[in-house]
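1. Structure, please.
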Amino acid sequence: MIDQVVKTIDEKLSAFDTISLEEMSGIRLMNRIDTKFLVNVTQLPILLDMAQKDYFVQKIGDLRKAFYRTLYYDTPTATMYTVHHDGKLNRQKIRVREYVESNLMFLEVKTKSNKGRTSKKRITVTDENVLQNPEAIAFLNEKSKFKMNEIDFRLRNSFYRITLVNKEKSERLTIDFNINFENCVTGKKDTISKLCIVEIKQDGNAHSHFKDYLSSLRIKKRSISKYCLGMILTDPSLKSNRFKEKIRYIDKL
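-> Numbering: from 1, shown residues only. Prediction:
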C-alpha cells in the first residue's frame, strides 16, 4: 500500500510550482514559531491537493522529495534520550545527517535551551565516524556538553522529506514519511510506514494555510522526536512511560 501512496504523492507534487535550494536559502524566519503534527500518510495526498495553490515545493535537480539518512550519537546509558524523556530543557542531540541526493553530510549539535528555544550548529563532514575527525572533535568540544569518550553510535534512521514554502515566503514546512530505524546497540530494526511528521515553521504569528488544512481534517498539533521514537521502538530496556500516550496515538494512525 505504501508504494501506491508514494506514487500518488509524487503525482501530487508534480503539480506544484517549485522553489530552488538557492532561493530557499534567502528565506530567513527570524522570529520563528515551530509546530509539529502527526499525520497518517494516506491523508498526505489530500493535504497536498489543498496546498498546491498556496505553496511552492523545494526542488533539487529533478527531485521534489529528498532522501535523508541520520546517525545519532549518545552515551552508553542513553543520557540524551533520557533527558528528553524526562522533559528536561537545556538538552542536546548530536547527529550526522546525510542529504543523499545532494551528496552532503553534516555533523549537527541541536540544543534546546531552558527557555524552550532550539538552536542548531553544524559543520560539513565527509564521514559519519566523526570521533576520528580532528575538526569534528574540536567542533564537538566547543558546542557539545559531552566528552568525546562518553558518546558513540546509537541509532540510525532514514526517511523521505518534502519541503514546502508558502507563496508569501513567511512559512516553511517539512513533511517526513516512510521513516525507518536501526538501533546500533540492540541491532533491532523497525519502521512506521504510515506515519508522517509535519513540522511548520512560521514567521512570528503569520497566518498558516497549512494549519487550516490540518484543522479541516481534525488533525491537532502533536509532536514527537524521531530520535526518541526510534529509541522506544528498538530498545525495550529504556524507560518510555512519558511517551506512552504519543505511541498509542501513533498506533491509532
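
2. Can you show me the strands along the stretch 51-200 of the chain?
-> 55-59, 66-74, 91-99, 104-112, 118-124, 152-166, 171-183, 189-203 (DSSP state E, counting those that start in this stretch).

3. any chance of these in CSV, with distance to Asp17 too?
-> In short, each C-beta sits where N, CA and C put it, glycine included. Shown next, in CSV, are these (distance: least, Cβ to Cβ, whole Å):
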stretch, distance to Asp17
strand 55-59, 5
strand 66-74, 18
strand 91-99, 22
strand 104-112, 25
strand 118-124, 28
strand 152-166, 10
strand 171-183, 15
strand 189-203, 19
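
4. Of these, which is nearest Asn133?
-> Nearest to Asn133 among the strands of the stretch 51-200 of the chain is strand 104-112 (8.1 Å), distances taken as Cβ to Cβ.

5. Which strands or helices does that closest one pack on?
-> In terms of contacts (3 or more Cβ pairs under 8 Å, 6 or more residues apart in numbering; DSSP states H and E), strand 104-112 is packed against strand 91-99, strand 118-124, helix 134-143.

6. Quick one: residues contacting Val173.
-> If you look again at residue 173, you'll see it is Leu, not Val. Contact analysis of Leu173 by Cβ atoms under 8 Å, 6 or more residues apart in numbering lists 163-165, 198-201, 210.

7. ok, now with 6 Å
-> 164, 200, 210 (Cβ atoms under 6 Å, 6 or more residues apart in numbering).

8. residues contacting the residue nearest to it when sequence neighbours are not counted?
-> Excluding the flanking residues, the one nearest Leu173 by Cβ to Cβ, 6 or more residues apart in numbering is Ile200, at 4.5 Å. Residues near Ile200 by Cβ under 6 Å, 6+ apart: 35, 173, 208, 210.

9. Kindly tell me how buried Asn241 is, as a neighbour count.
-> Using other Cβ atoms under 10 Å, Asn241 has 7 neighbouring residues.

10. Check what pLDDT it gets.
-> The score at Asn241 is 94. That number is its pLDDT.

11. Equivalent analysis for Arg32, please.
-> Note on Arg32: pLDDT of 66.

12. Run through the bridge partners of the closest residue to Lys120 other than its chain neighbours.
-> Nearest residue to Lys120 in three dimensions, chain neighbours excluded: Lys110, at 5.0 Å (Cβ to Cβ, 6+ apart). Beta bridges link Lys110 to Lys93, Lys120, judged by DSSP bridges.

13. Would you confirm that Lys110 contacts Lys93?
-> Yes: between Lys110 and Lys93 there is a contact under Cβ atoms under 6 Å: 4.6 Å.

14. okay, the two: which has more neighbours?
-> Lys93 (24 against 18).

15. on that earlier part again, mind picking the one among the contacts of Ile200 that's closest to Arg218?
-> Distances from Arg218 to those, taken as Cβ to Cβ, are shortest for Phe210 (14.7 Å).

16. how about the CA coordinates for stretch 140-148, as PDB?
-> Extracted in PDB, the C-alpha atoms of stretch 140-148 (Å, rounded to 0.1, in the frame of the first residue of the first chain):
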ATOM      1  CA  LEU A 140      32.100  19.000  19.500                       C
ATOM      2  CA  ASN A 141      34.400  20.100  22.200                       C
ATOM      3  CA  GLU A 142      33.200  23.700  21.600                       C
ATOM      4  CA  LYS A 143      29.500  23.100  21.100                       C
ATOM      5  CA  SER A 144      28.600  19.900  23.000                       C
ATOM      6  CA  LYS A 145      28.200  19.200  26.700                       C
ATOM      7  CA  PHE A 146      29.500  15.700  26.300                       C
ATOM      8  CA  LYS A 147      33.100  14.500  26.200                       C
ATOM      9  CA  MET A 148      34.100  12.500  23.200                       C
END
